[in-house]
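A.B. asks: sequence first, then the predicted structure, then my questions.
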Amino acid sequence: MLARSLLLLSLVSLACALHVAQDSPPKSCYKAPVIAEADPDVLIYDQNAPCPPGQVYLSNAGMKRPSAPLVAAGAADTHTYVAARFNPTLVSSLAGNIGQCVALPAGGTNVATWQVTRGQCP
């Protein structure tokens with residue numbers, strides 16, 4: 001029962017791997033590039049990407065394998081990434097949009113936030 005209530009999020013930065021549960025959030029900052037894996041009910045997105053207003057850059061949509069790298073692309077050197085839990089059917093429907101800007105669906109629950117930088121982490 002406890003295992004079902006924990007979200008596992010994997011972040012891999014170069015040779016470093018980190019598995020994080022909901023009650024043990026990721027480090028506050030990672031040096032780009034980072035790849036992420038997610039549970040079937042989790043979207044991982046960049047809220048600072050150069051997307052149209054109201055949209056986010058989708059890095060992962062419920063995939064246990066790495067998807068679009070977290071690279072902090074755009075003008076700012078540091079971007080905030082979010083892992084949010086949604087209905088698994090909704091997450092699955094967005095899998096074809098990985099690596100693109102999408103309208104962020106309503107009704108998600110933020111599970112973790114962290115920063116990825118092209119510069120140095122504080």
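C.D. replies: Noted; the coordinates are in hand. Numbering: from 1, shown residues only.
A.B. asks: tell me where the chain has strands.
C.D. replies: Remark: strands of the chain, listed N- to C-terminal, are 9-13, 16-20, 29-31, 34-37, 42-46, 55-61, 78-85, 101-103, 109-117; assignment by DSSP state E.
A.B. asks: can you tell me the centre-most residue of the protein?
C.D. replies: Nearest to the mean C-alpha position of the chain, by CA atoms, centre = their mean, lies I44 at 2.5 Å.
A.B. asks: got the contact list for the closest residue in space to that one that isn't next to it in sequence?
C.D. replies: The shortest distance from I44 to any residue that is not its chain neighbour, by CB to CB, 6 or more residues apart in numbering, is 4.0 Å, and that residue is N60. C-beta here means a position set from N, CA and C on the backbone, and glycine is covered the same way. Applying CB atoms under 8 Å, 6 or more residues apart in numbering, one finds that N60 lies in contact with 36-38, 42-44, 66-68, 98.
A.B. asks: scan the chain for its longest helix.
C.D. replies: Ranked by residue count under DSSP state H, the longest helix found in the chain is helix 88-93.
A.B. asks: and the nearest residue to V34 once chain neighbours are set aside, how far from A84?
C.D. replies: The shortest distance from V34 to any residue that is not its chain neighbour, by CB to CB, 6+ apart, is 4.2 Å, and that residue is L70. Relative to A84, L70 is positioned 15 Å away (criterion: CB to CB, to the nearest Å).
A.B. asks: okay, these two: which has more neighbours?
C.D. replies: It is L70, of L70 and A84, that has more neighbours when counted by other CB atoms under 10 Å, with 27 against 21.
A.B. asks: please report the distance of that one from T89.
C.D. replies: According to CB to CB, L70 stands 25 Å off from T89.
A.B. asks: same deal with K27?
C.D. replies: Distance of K27 to T89, given as CB to CB: 31 Å.
A.B. asks: neighbour count: these two, which is higher?
C.D. replies: Taking other CB under 10 Å, K27 and T89 do not tie; K27 has more neighbours (13 against 10).
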